[in-house]
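Colleague: Structure of the sequence below:
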Amino acid sequence: MREGTMDKQPTILVTGVNGQVGYELLRSLQGLGRVVGRDRSALDLDDPDAIRRVVREVKPTIIVNPAAYTAVDKAESDVDAATRLNVQAPRVLAEEAKRLGAALVHYSTDYVFDGTKDSPYVESDTVNPQNVYGRTKLEGEQAIAASGCDHLILRTSWVYGTRGKNFLLTMLKLGAEREELSVVADQIGAPTWSRTIATTTAHVLAQAARVDDRGQWWAQQTGVYHLTAGGATSWHGFAEAIFELSSLAKRPVVKPIPASSYPTPAKRPANSRISNDKFAAAFGVRAPDWREALALCVQ
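Modeller: Residues are numbered from 1 along each chain as shown. As a prediction, the model looks like this:
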């Protein structure tokens, strides 16, 4: 964190503001500084020169980067695009943050793990991604760490919201069209509302804003953290909960099936549970249980 930023409101650059998390961040970060949002038309993350140009124009104190290539199955055949957004873009953002003396908040995924552990993964567990999406997100994490910039890498899971493409909206659409749905029941994780991610991020950045020496705060907190909703369920359990809370005139029957009955191009971990204990200990914040957050979102 550069000198001269301790006594004034920071400038916060947010990427991907039309995405699920970026849209919520643009709203949740209000009041924490001068918030500058950029969508793809104003900041093309496929173009390293464009990234450098925008960062140098904005001169942010903090960069918040929720933008990513998130089409998990498509990434298997679109490796170059996934690499540009998930590895190259974070690397350039981190290098620019280091050059400016700024901090970077970046979001990653439970898919950096292979899902073979019986209990929730902690940050120090061995990473072993099983698909292109997970591998590129991990390489993005590693590029940020290698840059030497102050950073928070926040791994989350099963993100959903009221916009974009996600499981919640897909289920509501299919539920209105079909009487019966088959949903995978042997993959476990924590569905996490995009607004939960944004508001929790805002709580953390508010803590940074309150300290006298923000540079020291960032140096102490720099690292990888897990940030998901509390609790866990299967995709089938998630679907059941969605329909219980929805206003559909007639709820579809949701049939549990094994992942082997629904083959996808990208292999997904059976256990996507990740522990939030390190995050709670560092920042004194815990996200609500996934069911509570889902109820608020559906309402």
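Colleague: Secondary structure element for Ala281, which one?
Modeller: Element membership for Ala281 (DSSP states H and E) is helix 277-283.
Colleague: who does that helix touch, helix- and strand-wise?
Modeller: helix 194-210, strand 223-226 (3 or more CB pairs under 8 Å, 6 or more residues apart in numbering; DSSP states H and E). For glycine as for every other residue, the C-beta is placed from the backbone atoms N, C-alpha and C.
Colleague: With just CA atoms, put that helix into CSV.
Modeller: The C-alpha trace of helix 277-283 is given here as CSV (Å, rounded to 0.1, in the frame of the first residue of the first chain):
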residue,chain,number,x,y,z
ASP,A,277,-12.4,-20.5,9.9
LYS,A,278,-9.3,-18.7,8.8
PHE,A,279,-11.4,-15.9,7.3
ALA,A,280,-13.5,-15.6,10.5
ALA,A,281,-10.4,-15.5,12.7
ALA,A,282,-8.7,-12.8,10.6
PHE,A,283,-11.6,-10.5,10.1
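Colleague: mind listing the strands for the stretch 151-299 of the chain?
Modeller: 159-160, 180-184, 188-189, 192-193, 223-226, 233-234, 253-257 (DSSP state E, counting those that start in this stretch).
Colleague: Redo the helices and strands packed on helix 277-283 as CSV? Include mean neighbour count and distance to Thr126.
Modeller: Output for the helices and strands packed on helix 277-283, formatted as CSV (neighbours: other CB atoms under 10 Å; distance: least, CB to CB, whole Å):
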stretch, mean neighbour count, distance to Thr126
helix 194-210, 20, 25
strand 223-226, 20, 13
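Colleague: how about these in JSON lines, adding distance to Pro90 and mean pLDDT?
Modeller: Formatted as JSON lines, those follow (distance: least, CB to CB, whole Å; pLDDT from 0 to 100):
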{"stretch": "helix 194-210", "distance to Pro90": "16", "mean pLDDT": "96"}
{"stretch": "strand 223-226", "distance to Pro90": "13", "mean pLDDT": "98"}
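Colleague: right, and those - which one's nearest Glu177?
Modeller: Closest approach to Glu177 among the helices and strands packed on helix 277-283 (CB to CB): helix 194-210, 24.4 Å.
Colleague: Of the helices and strands packed on helix 277-283, which is nearest Arg251?
Modeller: helix 194-210 (24.5 Å).
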